[in-house]
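Engineer: predicted model and sequence below, questions to follow.
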Amino acid sequence: MKLLKTLTLLVVIAIVAANHDQKVEIEQLTAPVEHGEGPFWYDKEQALYWVDISLKDVWRLHPESGNITKCHIDEGEVTVIIPLEEDNTFAVGVGSDLKLLKWDGRNGSEITLSQIVSFGPLPEGGRLNDGKVDSKGRLWIGTIGPEVNDEVELERADLYQVGCNGGSIEATVHVSNVSVSNGIAWSADGAIMYYVDSPTKKIDAFDFEAESGTISNRRTVFDMVPYNISGVPDGMTIDADDNLWIALYGGEGVMVVQPHLERLIKVHTISGAPRVTSVAWGGPNLDILYITTSSRGGGPGGQVYKMTNTGARGNPANIFVMPKCNKE
């Protein structure tokens, strides 16, 4: 029986390795920005949205037409953008607030912003960071502690879920003493939530209960340190085979991990982009990996890339459902 299990594991590894040994192609799509982050493929529009945190811009790329547009938000650093069902309507992280953005995707068009919920007061210099939506439309979004010269004060951030408390929308802490809350992804069956707190250089997992939106049983499923991988884990997505694709900030690459085997599959190098920030599956068949990068602090980077011919594909990203809170 032990031999059979070993042979089965070797076959699985061989199949996965074969799928990822294809000659991937990586292509630059955009000019540099300062701190590109938060890519979201909006399947309904067949368009990619992302943000420039430092310059407070929201960007949109429509690959079929080649059109690239942006809008500017004056109120604070823009950290994440996620659509709602209503056309031209998005949830955006702005400083320490989650706001509702109305934008038709055109250059120079008028935008409107309204408040959804505040996460403040955060530690001075802290802000919202990465966020993802679960299968029930709930937004999970984390913060980052105060930064000085690209160094973050540790354990001064949290991971929140946006929901109802009585008759009002509220952000509730689900994981505390975080340093840089980053990538979030769910397994295909929805039973596991994967999570990145960047300075730990680890990928953690929680048991996830979709109906109640609760997490439990935190454990580490991958540790970068034994593999001597450069950089720290940043944004993250998952493919249809439940492999994690993780941006390496300071590592000039994207690593692919089998979390259920706690195994590294491959690190794809993104030449000329040492600060890779996040990844998202997109395209008509969800088999294009879009990659955001940063040039913050000087040096190369800041472009959006696409990676094709990976042998993998993703699933449609969930959109945010505004909580309907019953007022007594």
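Structural biologist: Alright, I've got the coordinates. Numbers count the residues shown, from 1 in each chain.
Engineer: touching stretch 293-306 from outside, list them.
Structural biologist: By C-beta atoms under 8 Å, 6 or more residues apart in numbering, the list of residues contacting stretch 293-306 from outside reads 26-37, 39, 48, 50, 54, 61, 150, 249, 270, 272-277, 288-292. (Glycine included, C-beta is placed from N, CA and C.)
Engineer: tell me the buried residues in that stretch?
Structural biologist: Buried residues in stretch 293-306, counted by 16 or more other C-beta atoms under 10 Å: 293-296, 301-306.
Engineer: quick check: closest non-adjacent residue to residue 215.
Structural biologist: In space, and not counting its chain neighbours, residue 215 is closest to residue 206: 3.8 Å by C-beta to C-beta, 6 or more residues apart in numbering.
Engineer: tell me the gap between the helix or strand encompassing the one you found and the middle of its chain.
Structural biologist: Applying DSSP states H and E as the criterion places residue 206 in strand 202-209. The chain centre lies 15 Å from the centre of strand 202-209; the measure is C-alpha atoms, centre = their mean, to the nearest Å.
Engineer: CA-only coordinates of it in CSV, if you can.
Structural biologist: Extracted as CSV, the C-alpha positions of strand 202-209 are listed here (Å, rounded to 0.1, in the frame of the first residue of the first chain):
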residue,chain,number,x,y,z
LYS,A,202,4.9,31.7,4.0
ILE,A,203,1.6,30.7,2.4
ASP,A,204,-1.0,29.8,5.1
ALA,A,205,-4.3,28.1,4.8
PHE,A,206,-7.6,28.2,6.8
ASP,A,207,-10.6,26.0,6.9
PHE,A,208,-13.3,28.1,5.3
GLU,A,209,-17.0,27.8,6.0
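Engineer: what strands line up against that strand, and which way round?
Structural biologist: Using DSSP bridges, strand 202-209 pairs in its sheet with strand 192-197 (antiparallel), strand 214-223 (antiparallel).
Engineer: re the thing from before, so for the residue nearest to residue 215, what's the pLDDT?
Structural biologist: pLDDT, residue 206: 98.
Engineer: hang on, the earlier thing: mind putting the strands paired with strand 202-209 in CSV, mean pLDDT, distance to residue 322 and mean neighbour count included?
Structural biologist: Formatted as CSV, the strands paired with strand 202-209 follow (pLDDT from 0 to 100; distance: least, C-beta to C-beta, whole Å; neighbours: other C-beta atoms under 10 Å):
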stretch, mean pLDDT, distance to residue 322, mean neighbour count
strand 192-197, 98, 21, 24
strand 214-223, 98, 21, 14
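Engineer: quick one: which of those strands is nearest residue 230?
Structural biologist: Residue 230 lies closest to strand 214-223 among the strands paired with strand 202-209, at 14.4 Å (C-beta to C-beta).
Engineer: tell me who's in contact with residue 103.
Structural biologist: 58, 71, 88, 90, 109, 111.
Engineer: and residue 230, what does it touch?
Structural biologist: By C-beta under 8 Å, 6+ apart, residue 230 lies in contact with 248, 250-253.
Engineer: just the ones of the residues you listed in strands?
Structural biologist: 248, 253 (DSSP state E).
Engineer: drop anything exposed from the contacts of residue 230.
Structural biologist: Among the contacts of residue 230, those buried by neighbour count (16+ other C-beta under 10 Å) are 248, 251-253.
Engineer: next, format the residues you listed as JSON lines and append pLDDT.
Structural biologist: Formatted as JSON lines, the buried ones among the contacts of residue 230 follow (pLDDT from 0 to 100):
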{"residue": "248", "pLDDT": "98"}
{"residue": "251", "pLDDT": "97"}
{"residue": "252", "pLDDT": "98"}
{"residue": "253", "pLDDT": "98"}
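Engineer: quickly name whichever of those residues is closest to residue 322.
Structural biologist: Among the buried ones among the contacts of residue 230, residue 248 lies closest to residue 322 (C-beta to C-beta), at 33.9 Å.
Engineer: tell me, how many residues neighbour the nearest residue to that closest one once chain neighbours are set aside?
Structural biologist: Nearest residue to residue 248, sequence neighbours excluded (C-beta to C-beta, 6+ apart): residue 231, at 3.9 Å. By the criterion of other C-beta atoms under 10 Å, residue 231 has 21 neighbours.
Engineer: ok, the spatially most central residue of the chain to residue 189 distance?
Structural biologist: Centroid check for the chain by C-alpha atoms, centre = their mean gives residue 235 as the closest residue, at 4.1 Å. Noted for residue 235: a distance of 22 Å to residue 189, by C-beta to C-beta, to the nearest Å.
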